[in-house]
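> Here's my sequence, what's the structure:
(2 chains)
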Amino acid sequence: MSLIETHQNSQAHASTSSVSAWLTTADHKRVGRLFIGSGLIALLAGLVLAVLIAFERINADSYQILSEKSVTQVLATTRLLLTFGAVVPLLLGLAIAVVPLQLGARSIAFPRLAASGFWMWLTGLGLAIAAIIGNGGPSGGESDLVDLYLASSVLLGLGVLLTAISIVVSVLTSRAPGMGILRAPLFAWSSFVGALALVLAMPVLIGTTIYLYIDHRYARLGFGGNFGVNRWIGWSLSQPFTYLLAIPALGIVLDVVPTMNRSRLAQRPAAFVAVGLVGISVLSAVTQTTVTLPWEGAKFLDNAGDKIADLLPFVLLTVLPVLGLLGVFGVSLLTLKSAQPRVAAPLAFVLLGLLGILEGSAAHILSGIEDAGLSGTIFEAGTYVAVTFGAVMIAFGGICYWGPKLWGRSIPDKAAIPLALLGFVATLLGSLPYMVAGFADQPSGLVNGFSYSGAQDLWNIATCGGFVLMLFVTVAFIALALKSFTSGTTAGDDPWDGSTLEWATTSPPPVENFAALAVVGSASPFADMKSSTSTGKGA
Amino acid sequence: MLALPAAPQPASRRQVFVGTAVAGAAGMMLIGGMMATWLKFRADAPVRESLKRGLIKDWMPEKVIVPEIATNLMLIGFFVVCVMAQWAVYSAKRNDRPHTGLALSVSALMTLAILNAQIFIWTQMGVAARDGAFHSMFYAATGAMTALLLSGLVYTAVAAFRYLGGRSKDIELLSAHALYWYFLTVAFCPVWFIVYVQK
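Below is the predicted model of the structure:
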């Protein structure tokens, strides 16, 4: 029995461009584009709020724009928009649109499940934001709207979960004949690891939110009422959960680098392992464990047995994911070393974005060392910004790279490369000053009422500048993408001289992606095909 | 554009079965996470003196009595549904439509019986969600499990309609249905032990 989605309805929908066709589409490429488009809008909104908060922190004596009552909600909304509003849909959207093409499949597994996942996510996000605007959400004053926030969070989580299930099942069951899991493209592998991590982590978040909802609505005796919302589900908006969300981004790096280098990926098995290592962050996410390590300076070797007992979980939950990221970086550098890469926007975005994620994750190790005294400081916000902006940058790179397959047109490198450089500067400016301010004990969760010796104003002005710059980069990128995808240069079917199957079909692909199913004989099936054709051995 | 060589018809990779396994894993994580939070709350509860059991955690109010017969019947019911669901697979593989239909019908009936037992437990315990942390968490945990149970009932109905409606060769759906019930049973075991036995 063939399990490929071949209903005539989906063909009819894809052939029209009416609103109803978009609303009812089950075509994975359209669902992916819906995710990406919505994610970009949410990213803009989140960055505007981030700028407001950063601006408010510049003058710590009094409120300029926000009010004391709204600060917690604005902070929560910013994280919600940047995490579940931007990073998740941008990367999941790319995965939904591209992974079936990479696998040589005619559709994603359970396309209607993925489509309903999108609508649940969008509805949940919209209701959550509406609830916060109406004084609901974490620490909100309107009881019913706090309930609405919690219920919509469950809906949002279910949407992400359903979409993740669709991706996991696609990678497991829809690969082209001959494509073992180790022959799958790295983006497909990292999407699989990331989606599987979401399948394991999101239910824990949903379960906790259900507890919160019932408790808040009826009892308010166990979970701290509206003030307990952040305490119980705030872990989903900080490290290491953000690593987990960024896992698919690593696959984008590992697919873009060899293509831009016109070579095959060096140490391919190591790349698989490295992505898997980052997946370990799911362990700390689902157990909601923050592992800290007492250092005690010169006395570190005293009580060695106890120290090793502390060190093992610290290494497992905090250091190993970073080693995975370093592995991805190392494999990328090894690949780049082998030939002269072409300087293109996707490469610039993904490499600089990876550096941002590395910066945030390496700093996160520091925050786990008790003697550093960074707990409860704004240092955590610095690591969050680095990982989140890094993931967004890589998603931008993915959009540049697979734009031809999504829209049939290319984004010009000349305009996009400067944006990548500005984005990297924005990542550094938005994160490093917060990390420095963390060492000076600037508290997290506050935008006012703190004072410390040192260049307090400088750090907060620099961060505000970083957020403004990232907002500019995002606006410019969206404008560039809109212009390119509506009136830009038509891309060829294989504009990057790619090696994986998505480049073997037209740009954009037809409804069922491929006219015929491919037989895969290696990890670079399309490169093999082109090679054998050029040497006269092709079919 | 280069043309790729046409591949033979791909072998079935049991998409529904794999999807069910992944969804079942998610369901188990849901219940596992909720039980972990339950255990944390119970462990953090202060100690009080019980008339019958000495010093105990002040978690479940003393006057609340769990109807253990009903809870045990629920557990047994889950195992029975597993057996019935597997019997449906066994019969379908032998193209035995009457027994497949019977097995699926008994599965649905047993599910309704489990649901009935759950409602009986809620009624008998007389716990009001607004009375405390135990009370609200009790409804959240058992309510989530009941939602999963209802999803199992829907799955049984879909499997029965599809099989009896003519797709008698579609064994995969019945296998996936049985797998889902195994997952649900495994998910219910900690709920039964932690919420109803250990309390």
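
> can you list contacts of stretch A:423-433?
Residues outside stretch A:423-433 that contact it (CB atoms under 8 Å, 6 or more residues apart in numbering or on different chains) are A:50, A:54, A:349, A:352-353, A:355-356, A:359-360, A:363, A:382-383, A:385-386, A:389-390, A:392-393, A:396, A:458-460, A:462-463, A:465-467, A:469-470, A:472-473. Where C-beta positions appear, they are placed from N, C-alpha and C, glycine not excepted.

> try it again with 7 Å
Residues from elsewhere that reach stretch A:423-433 (CB atoms under 7 Å, 6 or more residues apart in numbering or on different chains): A:352, A:355-356, A:359-360, A:382, A:385-386, A:389-390, A:393, A:459, A:462-463, A:465-467, A:469-470, A:473.

> cool, and stretch B:143-159?
Stretch B:143-159 is touched from outside by A:207, A:210, B:27, B:30-31, B:34, B:104, B:107-108, B:111, B:114-115, B:118, B:173-174, B:177, B:180-181, B:184, B:187-188, B:191, with contacts defined as CB under 7 Å, 6+ apart.

> one more time with 6 Å
By CB atoms under 6 Å, 6 or more residues apart in numbering or on different chains, the surrounding residues in contact with stretch B:143-159 are A:Ile210, B:Gly27, B:Ser107, B:Ala108, B:Thr111, B:Gln118, B:Leu173, B:Leu174, B:His177, B:Tyr180, B:Leu184, B:Val191.

> cool, stretch A:343-360 as well?
Stretch A:343-360 has contacts (CB under 6 Å, 6+ apart) with A:246, A:252-253, A:256, A:260, A:325, A:329, A:383, A:386-387, A:389-390, A:393-394, A:396-397, A:400-401, A:413, A:416-417, A:420, A:424, A:427.

> From the residues you listed, which land in helices?
Counting by DSSP state H, those place A:246, A:252-253, A:256, A:260, A:325, A:329, A:383, A:386-387, A:389-390, A:393-394, A:396-397, A:400-401, A:413, A:416-417, A:420, A:424, A:427 in helices.

> What residues does the stretch 101-250 of chain A have near chain B?
Applying CB under 6 Å from any CB of the partner chain, we find that the stretch 101-250 of chain A lies next to chain B at A:109, A:165, A:168-169, A:172-173, A:177, A:199-200, A:203-204, A:207, A:210-211, A:214-215, A:218-219, A:221-222.

> can you list the contacts of stretch B:143-159 in JSON lines and add secondary structure and pLDDT?
Shown next, in JSON lines, are the contacts of stretch B:143-159 (DSSP: H, G, I helix; E, B strand; the rest coil; pLDDT from 0 to 100):
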{"residue": "A:Ile210", "secondary structure": "helix", "pLDDT": "95"}
{"residue": "B:Gly27", "secondary structure": "helix", "pLDDT": "95"}
{"residue": "B:Ser107", "secondary structure": "helix", "pLDDT": "96"}
{"residue": "B:Ala108", "secondary structure": "helix", "pLDDT": "96"}
{"residue": "B:Thr111", "secondary structure": "helix", "pLDDT": "96"}
{"residue": "B:Gln118", "secondary structure": "helix", "pLDDT": "95"}
{"residue": "B:Leu173", "secondary structure": "helix", "pLDDT": "93"}
{"residue": "B:Leu174", "secondary structure": "helix", "pLDDT": "95"}
{"residue": "B:His177", "secondary structure": "helix", "pLDDT": "96"}
{"residue": "B:Tyr180", "secondary structure": "helix", "pLDDT": "96"}
{"residue": "B:Leu184", "secondary structure": "helix", "pLDDT": "96"}
{"residue": "B:Val191", "secondary structure": "helix", "pLDDT": "95"}
